[in-house]
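Enquirer: got a structure for you, letters missing:
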């Protein structure tokens, strides 16, 4: 292959971005790519009881931080996943007072029977736990985390009432059988040997149902202002934002530029060259020089 090809819009080459004059090649982020499977990462979680216990502690710390920021800022500043205290260097900005407060929150959190058993149950999963399954577990953990943080903040005088606190009698009954649930998943996977990600298939259905229910609540009961509020972020979006943030920690941002080995396909011109109104750039790379640089590195 002596030549490779790249399709661009006139606007990108000669208009606003002046790529041709600047001799620049634009590298797109994954969310700008047109194929949803481009950049897909099959991430899973697996560990012993200690690892899972620390996972739950880190999630609880995130709930506590966002709860505190909401008390401090209200809706004056939009809270996002960037405000979650997750980084590679630990929690270096904690004060003795905040550490003491979090110890009380953590102690109360693990007094819940479901939470105290969950790390052991997760460690006994036969297969690695993928995101959809983990999201299902976190949707239950979220209720306990918010209730615990709300209770401790109220007891310590940081809030005048137990904000976002809900009694969970019905959920307690359901969750009390969670150990049976996980055993059933393990047993199912053993019976379905050879079927890839059978558990993920089950939880993908559960995830779709959960998202449909959230969507119905969004557009039937909430205004656009509420959907963009810090309250909604804390009470509804935090589990997914937490997992998103974990993924960004594991994988740094990356960007790509696409080239083709052929430029004669009409459909390609229609799709990538602004419906046949764009330009096809021709590149003649020095493959031997590229090969030498790769070898030397």
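Expert: Great, that's in hand. Keep in mind the model is a prediction, meaning the values are calculated, not measured.
Enquirer: residue 39: neighbouring residues, count only.
Expert: Residue 39 has 13 neighbouring residues, counting by other Cβ atoms under 10 Å. The C-beta positions use only the backbone N, C-alpha and C, and glycine is treated the same way.
Enquirer: again with the one 5 residues further on
Expert: Close neighbours of residue 44, defined as other Cβ under 10 Å, add up to 14.
Enquirer: likewise for the one 5 residues further on?
Expert: Using other Cβ under 10 Å, residue 49 is surrounded by 14 other residues.
Enquirer: same check on the one 4 residues further on?
Expert: Residues lying near residue 53 (other Cβ under 10 Å) number 19.
Enquirer: so it, which of the three states?
Expert: Taking DSSP: H, G, I helix; E, B strand; the rest coil as the rule, one finds residue 53 in the helix state.
Enquirer: touching, it and residue 117? I think so.
Expert: No - between residue 53 and residue 117 there is no contact under Cβ atoms under 8 Å: 11.0 Å.
Enquirer: now that we're looking at residue 196, what pLDDT does it have?
Expert: As predicted, residue 196 sits at a pLDDT of 54.
Enquirer: I should have written residue 49 there, sorry.
Expert: For residue 49, pLDDT reads 95.
Enquirer: which residue sits closest to it, ignoring its sequence neighbours?
Expert: Spatial nearest neighbour of residue 49, excluding adjacent residues (Cβ to Cβ, 6 or more residues apart in numbering): residue 123 at 4.5 Å.
Enquirer: check which helix or strand covers the spatially most central residue of the chain.
Expert: For the chain, residue 244 is the residue whose C-alpha lies nearest the centre (Cα atoms, centre = their mean; 1.9 Å). Following DSSP states H and E, one finds residue 244 within helix 238-250.
Enquirer: identify the residues contacting that helix?
Expert: Helix 238-250 is contacted by residues 41, 43, 59, 62-63, 66, 80-81, 84, 86-88, 131, 134-135, 138-139, 141-142, 233 when judged by Cβ atoms under 8 Å, 6 or more residues apart in numbering.
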